[in-house]
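K.L.:
what would the 3D arrangement of this be:
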Amino acid sequence: GLPDQDKKARIAALLKKKQQQQGYPLSFEQSRLWFLHQLNPLSQAYHIVSAFRVEAAFDLERLERSLNGLAHRHPQLNFRVKQSGSMSTQILSPLPVPFTVEDIKECESSDWLKRAVQAPIHLMTGPAWRVDVAQVQDAQHIVIKIHHLAADGWSMQLIQNELQTIYQNFAEGVNSTLPEIKFQYTDYILWQQQQAIEKDTISLKYWTEQLSNIQPLELPYDFVRPAKPTMQGAVVKQVLEASTLSKLDGLKQSVPGCTEFMLFVMALQLLFYRYSKQSEFVIATPVAGRNEVQLRQIVGYFVDTVLLKATVTSTDTVKNRLVDTCEQVLSAFEHSHIPFQKLVDKLLPERDLSSSPIFEVMFAWQNIDFSESENQVEELTQHNNTAKFDLTVISIPQKEGGVELIWEYSTDVFTEETVQEMGFVLNR
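P.N.:
Okay, here's the model as predicted:
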């Protein structure tokens with residue numbers, strides 16, 4: 001027979017395979033997203049896309065092997081949903097990655113990219129990702145597309161990095177040089193469900209007090225909100241020059257512990273107060289949700305939402321407003337361990353499906369590493385014309401020191417002119 005250690009490993013592998021086939025519960029983050037997906041299953045709003053052009057072409061057979069090796073390493077990529085009545089289960093048993101290759105001319109690149117970005121992902125049959133390749137003369141266009149239920153932005157970066165390593169290992173004929181993964185997303189789900197009840201009780205009390213009597217933020221909407229959002233959207237881009245931002249350094253330094261993120265939150269809160277004249281309202285910001293070290297090397301959907309409450313008065317000085325914003329941000333993050341879906345279930349047992357619960361505006365702050373890539377890779381940008389919320393303001397630092405703001409807006413409620421005006425007013 002097998003030595004004891006080998007027996008244990010074989011039994012563990014069989015149990016894992018059986019569990020993958022039978023399924024796991026959804027995490028709190030996934031439960032919220034699955035609910036939203038079911039409202040509009042054809043929407044592309046919750047697809048993450050990475051598109052790039054590679055000059056030194058990949059060997060396609062080796063690339064496909066590498067992709068399937070990646071899915072073996074990160075079972076979450078095999079994600080599909082089994083619906084039984086009101087019970088949703090995720091199945092993670094292995095599936096080959098949908099992988100298409102097409103020969104095109106340079107002049108067809110734009111149309112091909114649009115088709116690849118909009119290609120469907122079928123969550124009931126799985127898997128939750130696909131890879132499309134276009135051969136363009138001596139180069140390749142590659143689109144990796146994943147549904148948010150299986151992954152997040154952090155995961156996408158991880159996938160790109162590990163794909164290069166696995167591909168290189170195959171090319172050199174060596175065993176994987178990547179470290180073994182001992183903690184998977186499914187372990188996180190079980191851990192999440194066993195979180196201390198007392199901790200949740202304290203935070204639920206905090207959020208209940210913070211959000212009592214909060215009214216929806218009333219921005220200058222151009223259209224009456226439809227009963228069912230289409231999730232159609234567009235973007236307006238704006239650059240804040242480094243010289244403009246440097247004028248705020250003195251203000252930031254006058255408040256101990258203040259960060260650039262807090263400064264931007266305050267600026268947006270003042271902007272929305274100017275339009276709404278509401279003294280209390282909430283905006284939201286996404287968080288990576290990977291505070292534990294073992295969560296940083298696995299693919300999965302960890303992103304959660306932290307609510308930032310504004311309490312503005314017409315007599316506020318800018319400095320007082322910044323002090324209040326900094327305190328509020330720190331307090332919100334201190335209680336951010338409680339999943340947003342839990343808050344919604346507790347505070348809004350009956351949902352208005354025409355809008356997002358509790359907040360309408362999201363502010364996303366991106367950190368970017370500007371270290372030079374050694375690969376001959378050029379990123380291809382393509383917005384998928386969707387919007388998850390009424391307004392999402394995405395801040396992207398520029399290499400030269402400024403900041404690009406991307407205003408993603410719902411075309412259900414805004415025109416481009418209105419959003420452009422908001423950007424203009426913020427810049428002043």
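K.L.:
just the CA atoms of stretch 254-267, as CSV, please.
P.N.:
What follows is stretch 254-267, C-alpha atoms only, in CSV (Å, rounded to 0.1, in the frame of the first residue of the first chain):
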residue,chain,number,x,y,z
SER,A,254,-1.9,70.9,7.7
VAL,A,255,-4.0,67.9,8.8
PRO,A,256,-1.8,65.2,10.4
GLY,A,257,-2.4,61.7,8.8
CYS,A,258,-4.2,63.1,5.8
THR,A,259,-3.7,61.3,2.5
GLU,A,260,-4.3,62.2,-1.1
PHE,A,261,-7.2,59.7,-1.1
MET,A,262,-8.8,61.6,1.8
LEU,A,263,-8.2,64.9,0.0
PHE,A,264,-10.0,63.6,-3.1
VAL,A,265,-12.9,62.3,-1.0
MET,A,266,-13.4,65.7,0.5
ALA,A,267,-13.3,67.4,-2.9
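K.L.:
buried residues in it, which are they?
P.N.:
Buried residues in stretch 254-267, counted by 16 or more other C-beta atoms under 10 Å: 255, 258, 262, 263, 264, 265, 266, 267. Any C-beta I mention is one placed from the backbone N, CA and C, and that applies to glycine too.
K.L.:
count of neighbours near residue 331?
P.N.:
For residue 331, the neighbour count with other C-beta atoms under 10 Å is 14.
K.L.:
now stretch 186-193: average pLDDT?
P.N.:
For stretch 186-193, the mean pLDDT works out to 86.
K.L.:
outside of that stretch itself, list whatever touches it.
P.N.:
For stretch 186-193, the external contacting residues (C-beta atoms under 8 Å, 6 or more residues apart in numbering) are 19, 24-28, 75, 92, 295, 298, 300, 302, 339.
K.L.:
again, but for stretch 345-363
P.N.:
For stretch 345-363, contacts defined as C-beta under 8 Å, 6+ apart pick out 39, 204, 207-208, 211, 214, 216-217, 219, 225-229, 264-265, 268, 272, 282-286, 305, 307-308, 343-344, 388-393, 395.
K.L.:
contacts for stretch 411-424?
P.N.:
220-223, 225-226, 229-230, 232-234, 236, 238, 271, 275, 387, 390-391, 405, 407, 409.
K.L.:
one more time with 6 Å, if that's ok
P.N.:
Residues outside stretch 411-424 that contact it (C-beta atoms under 6 Å, 6 or more residues apart in numbering) are 220-223, 225-226, 229-230, 232-234, 236, 238, 390, 407, 409.
K.L.:
just the CA atoms of that stretch, as PDB, please.
P.N.:
Provided in PDB are the C-alpha atoms of stretch 411-424 (Å, rounded to 0.1, in the frame of the first residue of the first chain):
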ATOM      1  CA  THR A 411     -26.600  56.900 -19.600                       C
ATOM      2  CA  ASP A 412     -30.000  56.000 -17.900                       C
ATOM      3  CA  VAL A 413     -29.700  59.200 -15.800                       C
ATOM      4  CA  PHE A 414     -26.900  61.500 -17.200                       C
ATOM      5  CA  THR A 415     -25.900  63.100 -20.400                       C
ATOM      6  CA  GLU A 416     -22.200  63.600 -21.300                       C
ATOM      7  CA  GLU A 417     -22.600  67.400 -20.900                       C
ATOM      8  CA  THR A 418     -23.700  67.200 -17.300                       C
ATOM      9  CA  VAL A 419     -20.800  64.900 -16.300                       C
ATOM     10  CA  GLN A 420     -18.300  67.100 -18.200                       C
ATOM     11  CA  GLU A 421     -19.600  70.100 -16.200                       C
ATOM     12  CA  MET A 422     -19.100  68.200 -12.900                       C
ATOM     13  CA  GLY A 423     -15.500  67.600 -13.900                       C
ATOM     14  CA  PHE A 424     -15.000  71.300 -14.800                       C
END
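K.L.:
how many residues are close by the nearest residue to residue 261 once chain neighbours are set aside?
P.N.:
What sits nearest to residue 261 in space, not counting adjacent residues and going by C-beta to C-beta, 6 or more residues apart in numbering, is residue 365, at 4.8 Å. Other residues within reach of residue 365, judged by other C-beta under 10 Å, total 19.
K.L.:
one step back: inside helices: which ones of the contacts of stretch 345-363?
P.N.:
Of the contacts of stretch 345-363, the ones assigned to helices by DSSP state H are 39, 204, 207, 208, 211, 264, 265, 268, 272, 343, 344.
K.L.:
please report the number of neighbouring residues for the last one.
P.N.:
The burial count assigned to residue 344 is 19, neighbours taken as other C-beta under 10 Å.
K.L.:
residue contacts, it?
P.N.:
Residue 344 makes contact with residue 357 under the criterion C-beta under 6 Å, 6+ apart.
K.L.:
in the protein, which spans are strands?
P.N.:
With DSSP state E as the criterion, the chain has strands at 24-25, 47-54, 80-84, 87-91, 99-104, 129-136, 139-147, 233-240, 280-287, 304-311, 361-365, 377-379, 391-397, 403-410.
K.L.:
what strands flank the fourth one, and is each parallel or antiparallel?
P.N.:
Read that as strand 87-91. strand 24-25 (antiparallel), strand 80-84 (antiparallel) (DSSP bridges).
K.L.:
deepest-packed of those, please.
P.N.:
Most buried of these, by mean neighbour count (mean count of other C-beta atoms under 10 Å): strand 24-25, with a mean of 18.
K.L.:
ok, back up a step: export the contacts of stretch 186-193 to JSON lines and tack on pLDDT?
P.N.:
Shown next, in JSON lines, are the contacts of stretch 186-193 (pLDDT from 0 to 100):
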{"residue": "19", "pLDDT": "64"}
{"residue": "24", "pLDDT": "91"}
{"residue": "25", "pLDDT": "92"}
{"residue": "26", "pLDDT": "94"}
{"residue": "27", "pLDDT": "92"}
{"residue": "28", "pLDDT": "90"}
{"residue": "75", "pLDDT": "95"}
{"residue": "92", "pLDDT": "93"}
{"residue": "295", "pLDDT": "92"}
{"residue": "298", "pLDDT": "95"}
{"residue": "300", "pLDDT": "96"}
{"residue": "302", "pLDDT": "94"}
{"residue": "339", "pLDDT": "86"}
